[in-house]
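# With the sequence up front, the predicted model follows.
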Amino acid sequence: MKTDDRTASYLEGFTETEDEPLRAARARSEEGDLPAVSLATGALLRWFARLLGARHVVEVGSGGGYSGLWLMGGMDPRGSLTTIELDRDHLSLAQRAYSEGGVSDRVRAILGAGLAVLPKLADATYDIVFLDAVKAEYPDYLEHATRMLRPGGLLLADNVLWSGRVADASQTDEDTEGLRTFNAAVRDDPRLSQTVFTVGDGLLAATYHPEAAAR
């Protein structure tokens, strides 16, 4: 179904709105030319966190803290977010967002590359693993995500449509190929039950059921 402007405006009435810390985090991200998830994607992240009553969440790619605030808003009040960011300045912006949102005490912010930090995180512990970092590395992130998720946990990945490039066979850059490989790997893994939401730049969601591999 094609969504016209009137329908889009109607649907906005059913999307959770930004509070002031979220608006400020988005504004700083835009000012710093940092990519951030769309409002609809953020609302969906929060909905998933709330649905699972998530207490342990990992985010690869903090950006300006915008997506982290959405996740924290849906998590169990006792829950904690582990967020990984390669760029020191970006992480500083994210920490400011967490402070303004009143959740700093529940965020473990780690400066470093995703593929350097993920091997140090615990197995079968996390309710949600959210990927929003180097697209070419998504297939490698997937190996860690399936190790880290608890049974019934949720893998979330942003930008999986990559502005339509993943569907364009003429696009063969490293990031696009990485996303294609990742999407196919999730689809073909019997332990993962997945779908792609066409919000923002495409949000993949997959539940993890390790016992399915033995069937």
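That came through fine.

# alpha carbons only for contacts and neighbour counts from here, please
Will do.

# since we're on the closest residue to residue 38 other than its chain neighbours, how many residues are nearby?
Nearest in space to residue 38, with sequence neighbours left out and distances taken as CA to CA, 6 or more residues apart in numbering, is residue 200 at 5.2 Å. With neighbours defined by other CA atoms under 10 Å, the count for residue 200 comes to 19.

# With only the CA atoms kept, save the biggest strand by length in the chain in CSV.
The residue-count maximum for a strand in the chain (DSSP state E) belongs to strand 149-158. Backbone C-alpha positions of strand 149-158 (Å, rounded to 0.1, in the frame of the first residue of the first chain) are rendered in CSV as follows:
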residue,chain,number,x,y,z
LEU,A,149,21.3,-13.3,23.0
ARG,A,150,19.4,-15.3,25.5
PRO,A,151,16.9,-17.8,24.0
GLY,A,152,13.9,-15.8,22.9
GLY,A,153,16.0,-12.7,22.7
LEU,A,154,15.7,-10.2,19.9
LEU,A,155,18.2,-9.0,17.2
LEU,A,156,17.5,-5.6,15.8
ALA,A,157,19.4,-4.0,12.9
ASP,A,158,19.0,-0.6,11.4
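
# what separates that strand from the chain centre, distance-wise?
10 Å (CA atoms, centre = their mean, to the nearest Å).

# Provide the strand pairings for it, with the direction of each partner.
When sheet partners are counted by DSSP bridges, strand 149-158 sits next to strand 126-131 (parallel), strand 203-208 (antiparallel).

# Looking at that strand now, give me its mean pLDDT.
Here the mean pLDDT over strand 149-158 is 98, rounded to a whole number.

# ok, how many other residues are close to residue 184?
Count around residue 184 with other CA under 10 Å applied: 11.

# Checking my notes, it in a helix, right?
Yes - when the secondary structure is assigned by DSSP: H, G, I helix; E, B strand; the rest coil, residue 184 falls within a helix.

# Ignoring the adjacent residues along the chain, who's closest to residue 150?
residue 124 (4.1 Å).

# most packed of the strands paired with strand 149-158?
Ranked by average neighbour count under the criterion mean count of other CA atoms under 10 Å, those are headed by strand 126-131 at a mean of 26.

# The chain: helices as residue ranges?
Under the criterion DSSP state H, the chain contains helices at 5-12, 20-31, 39-52, 66-74, 88-100, 114-117, 138-148, 174-188.
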